[in-house]
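A.B. asks: Provided below for reference: sequence and predicted model.
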Amino acid sequence: MVSKEELQITFSSLPTEKLMEIIDNKFGYSELAVTVAFEELACRKISEEEIKVYKTKQVEKLNRYIRKNIAHDLSLSQKNLFYFIFIPLLTAPFRLIFKEKGYKLKVMQSNYYSLFGFLFFLVSAYFLTRGLSNLFVVAFWMGGFIPAYLLDEFFNRQRQIRKLQQLFGINKTEDSTQEQDA
């Protein structure tokens, strides 16, 4: 366990912004760490202007995070990739990158297109076992992308965006105001 004196030495070398982050995220740190951070900030006698700058940066960071998760969806080529190459082993690296970068909408869409691609593939395989021509089966599977895309654009994507807006506590008027400000 870290002692109060060790924390004081460590926190004395931290930038003011980092100390504010510790206090701002007090549930992510021990009570002792938050207390020492608060004491260190009190010793530094930070101005109200520094607090405003910190809060503004936090709001900007949150706005970027929200825009990234609501406005940035998969490109058409990425949608095709997940539809036609639905095997998780092959698409996992792409999903991992989306998760690491915090693109929640892209992760949900990649799962959606993989599921539709797999389902249309299964139906196509069933048609193949029923003696339908190979050309028809391939055309059916490839053509399945169109309803998947249309359902995504008009139903699924909007539902996912509403879900993320509720998660982040944004209503449509705030979102359109933020887009106009940007």
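C.D. replies: Now that the structure is in, tell me what you want to look at.

A.B. asks: measure Ala125 to Gly28 for me?
C.D. replies: Counting by CB to CB, to the nearest Å, the gap from Ala125 to Gly28 is 49 Å. Where you see a C-beta, it was placed from the backbone N, CA and C, and this is true even at glycine.

A.B. asks: go on, Arg162?
C.D. replies: Using CB to CB, Arg162 is found at 29 Å from Gly28.

A.B. asks: tell me the secondary structure for the residue of the chain most remote from its centre?
C.D. replies: What lies farthest from the middle of the chain is Gly131; by CA atoms, centre = their mean that is 44.0 Å. Secondary structure for Gly131, judged by DSSP: H, G, I helix; E, B strand; the rest coil, is coil.

A.B. asks: Mind pulling up the pLDDT for it?
C.D. replies: Gly131 is assigned 91 on the pLDDT scale.

A.B. asks: Same check on Thr177?
C.D. replies: Note on Thr177: pLDDT of 43.

A.B. asks: show me where the protein has helices.
C.D. replies: 4-12, 16-24, 31-44, 48-70, 76-84, 88-101, 104-129, 134-143, 145-151, 157-168, 172-181 (DSSP state H).

A.B. asks: could these go into TSV alongside mean neighbour count?
C.D. replies: Compiled in TSV, the helices of the chain are given as follows (neighbours: other CB atoms under 10 Å):
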stretch	mean neighbour count
helix 4-12	13
helix 16-24	16
helix 31-44	16
helix 48-70	13
helix 76-84	17
helix 88-101	13
helix 104-129	18
helix 134-143	14
helix 145-151	14
helix 157-168	15
helix 172-181	11
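
A.B. asks: worst average pLDDT in those?
C.D. replies: Per-segment mean pLDDT for the helices of the chain reaches its minimum on helix 172-181, at a mean of 44.

A.B. asks: In contact with the residue farthest from the centre of the chain, which residues?
C.D. replies: If you count contacts by CB atoms under 8 Å, 6 or more residues apart in numbering, Gly131 has none.
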